[in-house]
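>>> What follows is a predicted protein model with its sequence.
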Amino acid sequence: MSTNPTNSTENALAVERHGIEYIDEGQRHGDPRNQFSIRFSPVIYLAAIVLGGSAVPMGLGLSGSLTAILLGNLLGAICTAACAVMGPRLGLPQIPMGRSAFGYRGNHLPAALSSLLYLGYFTLGTILGAKSLAELFKLPFVPVMIGVVLASVLIAIFGYNLLHAFGRWVTRVSIVVLVVVSVLLVMHGPGAGAAARLDGTEYWLVWLLEFTIVFSYTMSWAPYASDYSRYLPRDTSRGKIFGYAFAGLFLSTTWMMALGAMLTTLGSQGGVIGAFELALPGPVLVVTLFTLGIAAIPHNSVNLYSGAMASLTWGFPLNRSATVALSGVLGAVLAVLFGGAAFEDAFHAFLFLVAYYVTPWLAIVCADYFWVHRGGRGYPPAAEFGRPDGQLGGIRWPGMAAFLLGILVSVPFMATDLFTGPIGRALNGADLSYFVSFLVAGGVYVLAARRVSGVAGERPAPRATSEHAD
């Protein structure tokens, strides 16, 4: 494997000129180890901590929460790491890859849904990051929020190299802080909420609820994955890409959620920030809140960056930088409107709704890459991904039908504050719809794609014409 020194990630302050077009071999650079930090750093903010503790007040206790966290993150990180492997092979962001399965125009639907996903998570990160910093410095929320937005927008405009560089810095600092916080929390010990108050069927239903919440969060990083691996040389070890991406996401989500479960057992009326105040000495508390606030910036930046990739895929008429800036403004407005006390419940509902489209999309994209096109070897030339009327043009109905059918059959299993199907109601709110839609969509797509179109022979991927460059 070789790198291109003229395009190395050391040149982080050069504004990226690419949009969603193919990255040819002469512009490839980077090291698979960077897949660890680009997956680790965006998770180090309050959302994962809140999610990790969400089942403790329901009576699940600490040990039950930890097992649900471990298994949910294990499966979710596998999904995301599998998608990260696709980047060097195709040299494309994640969402445009869906044109192979859905068609150029058919892919507009999952791309538009992804734009909503990224904007929602940017808003979430803005709210939680600004709250951490506002609490620390005793400042009003809105001015702090504006500062977080501006920093996030600026990094996303500079693009791929700066995102990786900033992610490495945040990862190194946050690991040190998390080690100190973890040791102090273990020394402090759990609170009364550590003991489970449920048993039998009730216990396992709440466990299943926590598991699905955790899985939906970690799995929802899959549509971002290849955005941050597509510049790697084509011959980069797929095992290393998978391993580093998996380790970064699994470690960060599990660590943060385990801290959240531990903190929530303390039963602080002030939520997780109040629990931090109970368990940590003053100087450590200051450093922790500052780290959580600053670490929201890489989270926000990757959502703005990937949001631009998704928006350009469905035909948004601005370039990448302008799309990032506009998304930042919209997210800031939403942060002001939805940063109130009812935010946590709204966040949980948002995660569930997002996962309803992500899991069937994920099943189809993975089946298309690993099974139908033999690990990416059977795809048409990269230029075809950018041609509305080319080989992948129009709507590819095997993919679209599998996608819609996967969502449809999962409806009875859904369970949110907005809608609960009969099976979801029978399970006391535990939501199995993700797994149903994944299995149905993936299975139907494999059968339909094989029957309708077969598999294209492998051809070399020439440099594609520029599409939506910066």
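Noted; the coordinates are in hand.
>>> what about stretch 181-200, start to end distance?
Stretch 181-200 has an end-to-end distance of 34 Å (C-alpha to C-alpha, to the nearest Å).
>>> remind me, longest helix of this protein?
helix 282-313 (DSSP state H).
>>> Now do it: distance to the chain's middle.
Here the centre of helix 282-313 is set off from its chain's centre by 12 Å, with C-alpha atoms, centre = their mean, to the nearest Å.
>>> Low-confidence stretches in the protein?
1-10, 339-348, 351-352, 452-470 (pLDDT under 70).
>>> if you set the cut-off to 80 instead, what comes out?
Applying pLDDT under 80 to the chain picks out residues 1-10, 12, 268-271, 338-355, 416-418, 428-430, 450-470.
>>> which ones are touching the residue most central in space within it?
Centroid-nearest residue in the chain: Trp221, 2.0 Å away (criterion: C-alpha atoms, centre = their mean). By C-beta atoms under 8 Å, 6 or more residues apart in numbering, Trp221 lies in contact with 39, 42, 76, 80, 249. (Each C-beta comes from the backbone N, C-alpha and C, glycine too.)
>>> for the residue nearest to Met86 when sequence neighbours are not counted, phi and psi?
In this structure, Met86 finds its nearest non-sequential neighbour in Ser226, 4.9 Å apart by C-beta to C-beta, 6 or more residues apart in numbering. Main-chain dihedrals, Ser226, degrees, to the nearest 10: phi -70, psi -10.
>>> Pull up the gap between Ser226 and Val183, please.
Taking C-beta to C-beta, to the nearest Å as the criterion, Ser226 is separated from Val183 by 36 Å.
>>> The two: which has the busier surroundings?
Neighbour count, other C-beta atoms under 10 Å: between Ser226 and Val183, Ser226 has more, with 29 against 10.
>>> I figured the more buried one was touching Gly91, is that so?
No - between Ser226 and Gly91 there is no contact under C-beta atoms under 8 Å: 9.1 Å.
>>> Which residues are in contact with each of those two?
What both Ser226 and Gly91 touch, as defined by C-beta under 8 Å, 6+ apart, is an empty set.
>>> Any idea how many residues pack against the closest residue to Phe141 other than its chain neighbours?
Of all residues not flanking Phe141 in the chain, Ala134 sits nearest, at 5.0 Å (C-beta to C-beta, 6+ apart). By other C-beta under 10 Å, 19 other residues sit near Ala134.
>>> Just checking, which helix or strand succeeds the one helix or strand Ala134 maps to along the chain?
Assessed by DSSP states H and E, Ala134 sits inside helix 108-137. Next along the chain after helix 108-137, taking DSSP H and E as the criterion, comes helix 141-158.
>>> Which other helices and strands does the helix or strand following the longest helix of the chain contact?
Proceeding N to C from helix 282-313, the next assigned helix or strand is helix 320-338, under DSSP H and E. Counting contacts by 3 or more C-beta pairs under 8 Å, 6 or more residues apart in numbering; DSSP states H and E, helix 320-338 packs against helix 108-137, helix 141-158, helix 282-313.
>>> Let me have the ones you listed in a markdown table, extended by distance to Gln27.
Converted to a markdown table, these look like this (distance: least, C-beta to C-beta, whole Å):
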| stretch | distance to Gln27 |
| --- | --- |
| helix 108-137 | 24 |
| helix 141-158 | 16 |
| helix 282-313 | 17 |
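>>> Of all those, which one is nearest Arg172?
Set against Arg172 and scored by C-beta to C-beta, the helices and strands packed on helix 320-338 come closest in helix 282-313, at 11.2 Å.
>>> tell me the SS of Phe246?
helix (DSSP: H, G, I helix; E, B strand; the rest coil).
>>> Could you pull up the contacting residues of it?
By C-beta under 8 Å, 6+ apart, the contact set of Phe246 is 77-78, 80-81.
>>> Pick the one among those closest to Met256.
Ala77 (13.0 Å).
>>> Quick check: the residue lying closest to the closest one once chain neighbours are set aside vs Ile69, distance?
Excluding its sequence neighbours, the residue lying closest to Ala77 (C-beta to C-beta, 6+ apart) is Phe250, at 3.9 Å. Plainly put, Phe250 is 11 Å away from Ile69 if you go by C-beta to C-beta.
>>> Looking at those two, which is more packed in?
Higher neighbour count among Phe250 and Ile69: Ile69, with 29 against 22, using other C-beta under 10 Å.
>>> Leaving out the residues flanking it, which one is nearest to that one?
The shortest distance from Ile69 to any non-neighbouring residue, by C-beta to C-beta, 6+ apart, is to Met257 (4.5 Å).
>>> Need the three-state assignment for the one you found.
Using three-state DSSP, the structure places Met257 in helix.
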